[in-house]
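In: Let me see the structure of the following:
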Amino acid sequence: MSEGFQMASDSAVERFVGLNQILPSQYYDVSGGHRLTGEQRLMLALLADAINVYQQGVLSRNTRKRLLFIDAERWITASAKCRHAFSFDTVCDALGINPSMLRRRMMAWKHELRRNVETRGTPHLRLKITPRNKHLSQRRNRSHAAIPAF
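Out: Residues are numbered from 1 along each chain as shown. Presented below is the predicted three-dimensional model:
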């Protein structure tokens with residue numbers, strides 16, 4: 001792999017982390033027009049999905065999103081010794097992305113995000129006060145309307 005392509009791939013990673021989606025045209029722009037094989041496109045889709053799940057679930061209180069986040073984090077942080085066709089390291093290598101750098105940046109992003117949330121404190125509940133008549137059920141509203149006023 002050429003040095004120029006590796007640098008372009010590192011730039012792609014910088015743009016990739018922190019975004020919810022990456023379009024093929026965006027990837028081709030930063031990779032110098034390098035065309036991906038079918039297998040590489042599949043691996044890019046897998047990596048993009050894992051990053052999206054990771055980012056959406058990192059602070060989520062939704063149980064499903066948290067479970068998906070845990071799965072994505074385990075996949076991302078899996079040992080380099082555990083290499084198979086679709087391991088994080090193998091996928092990154094196939095796309096010309098430095099897996100350890102991407103892993104470090106994703107972990108740093110997560111820790112920074114959590115640190116920012118902790119320094120801001122827990123969000124306060126916001127209460128909206130509405131007039132009492134808006135809280136009455138339709139049945140109660142009808143019964144009040146049916147009573148003639150004298």
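
In: Can you give me the pLDDT of residue 134?
Out: Here the pLDDT value assigned to residue 134 is 55.

In: same check, this time on residue 12
Out: 53.

In: Please apply the same query to the one 3 residues further on.
Out: What the model reports for residue 15 is a pLDDT of 53.

In: same thing with residue 39?
Out: 89.

In: residue contacts, residue 77?
Out: 88, 103, 107 (Cβ atoms under 8 Å, 6 or more residues apart in numbering). In short, each C-beta sits where N, CA and C put it, glycine included.

In: So the first one sits against residue 74, correct?
Out: No. Under the criterion of Cβ atoms under 8 Å, residue 88 is not in contact with residue 74, lying 9.6 Å apart.

In: Which of the two has more residues huddled nearby?
Out: residue 88 (24 against 10; other Cβ atoms under 10 Å).

In: ok, now how distant is that one from residue 118?
Out: According to Cβ to Cβ, to the nearest Å, residue 88 and residue 118 sit 27 Å apart.
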